[in-house]
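Engineer: After the sequence you'll find the predicted model.
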Amino acid sequence: MADTGYFHLHLVSDATGETLITVARAAAAQYANVSPVEHLYPMVRSKRQLDHALAEITEAPGLVLYTLLEEDLIKTLEDTCRELGLPCMSVLGPILRLFQSYLGAETILRAGAQHVLNAEYFQRIEALNYSMMHDDGQHVAGLHEADVVLVGVSRTSKTPTSIYLANRGVKTGNVPLVPGVPLAAEVEKLTRPLVVGLFASPERIVQIRENRLLGLNAHRDDDQYIDKAAVAEEIALSRRLCNKHGWPLIDVTRRSIEETAAAVMKLLGERRRRPITS
């Protein structure tokens, strides 16, 4: 592994594998000199499905993590890994035992129990539909129904942050701030939604815009889009606009989408804990 700079990471799940992926990537991110080659085996609920995963594990030995609840499948997986001399660990096992010890109750042992068609699920679907309909300044007349409205200049990750928040059940719209184009009056009059301004350093914005133009094989007659001084002025204007309305600002220069969304969620929580004054 030290010679190759990578290792095989096998993720065996009886559901979608989202939990495994999140945990595994969080752990792997702490090791800068090696990278995992992920092998995901979702919806493993029979011996035949497990045999397929075991064949690949045998062919490309590595670290094995799993979220299985069926005892027979767990025993087969662990016994095979033991024979191969591979580390194998349940991600949920220790946590479930801790819950059981504290709560004094048995687990229901239902695969994918977190993915149920309950009210929270349908709230997320509604939020996703809303965010897609109100992306990039569309249908501003309906933004008063949002939980959050993101504003910012081009390439401040407004759309992916909106989608991420929507997947958490937060109805999110976003509006671009375009040089020379006045902000819609409907946005400036918003009182119910939390309006948040996103900004980044001019260097970061220019870098992203240049990469986007290269990726699209596009050409702009007006170089103001990637001119550092012009971009710096765009950002300054956006910050002044947010300060004028008392909208909180988040610097996304070195933030991931997840970190930006977490910062928005924190602001939203604080907003909801205090009454809105007119």
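Structural biologist: Received, thanks.
Engineer: contacts, neighbours, all on C-alpha from now
Structural biologist: Noted.
Engineer: Just the CA trace of stretch 53-71, in CSV.
Structural biologist: Output of stretch 53-71 as CSV, limited to C-alpha atoms (Å, rounded to 0.1, in the frame of the first residue of the first chain):
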residue,chain,number,x,y,z
ALA,A,53,-19.2,-9.1,-3.0
LEU,A,54,-16.9,-11.8,-1.6
ALA,A,55,-15.6,-12.7,-5.0
GLU,A,56,-14.5,-9.1,-5.6
ILE,A,57,-13.0,-8.8,-2.1
THR,A,58,-11.0,-11.9,-2.7
GLU,A,59,-9.8,-10.6,-6.1
ALA,A,60,-8.9,-7.1,-4.7
PRO,A,61,-8.1,-7.6,-0.9
GLY,A,62,-8.5,-4.6,1.3
LEU,A,63,-10.3,-3.0,4.2
VAL,A,64,-13.9,-4.2,4.6
LEU,A,65,-16.7,-2.2,6.3
TYR,A,66,-20.3,-3.3,6.5
THR,A,67,-23.8,-2.4,7.6
LEU,A,68,-25.5,-5.8,7.6
LEU,A,69,-28.2,-7.0,10.1
GLU,A,70,-28.8,-10.6,9.0
GLU,A,71,-26.7,-12.8,11.3
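Engineer: what does that stretch rub up against?
Structural biologist: Outside of stretch 53-71, the residues within contact range by CA atoms under 8 Å, 6 or more residues apart in numbering are 7-14, 17, 20, 41, 44-45, 74, 77, 80, 84, 86-93, 109-111.
Engineer: Just the buried residues from the residues you listed, in PyMOL please.
Structural biologist: To isolate the buried ones among the contacts of stretch 53-71 in PyMOL, judged by 16 or more other CA atoms under 10 Å, type:
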select buried, resi 7+8+9+10+11+12+13+14+17+20+41+44+45+74+77+80+86+88+89+90+91+92+111
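Engineer: Identify those among the contacts of stretch 53-71 that sit within helices.
Structural biologist: The helices, defined by DSSP state H, take in 20, 74, 77, 80, 84, 93 from these.
Engineer: How are the helices of this protein distributed by residue range?
Structural biologist: Going by DSSP H, the chain shows helices at 18-28, 47-59, 71-84, 93-103, 119-133, 158-166, 185-188, 202-216, 228-245, 257-272.
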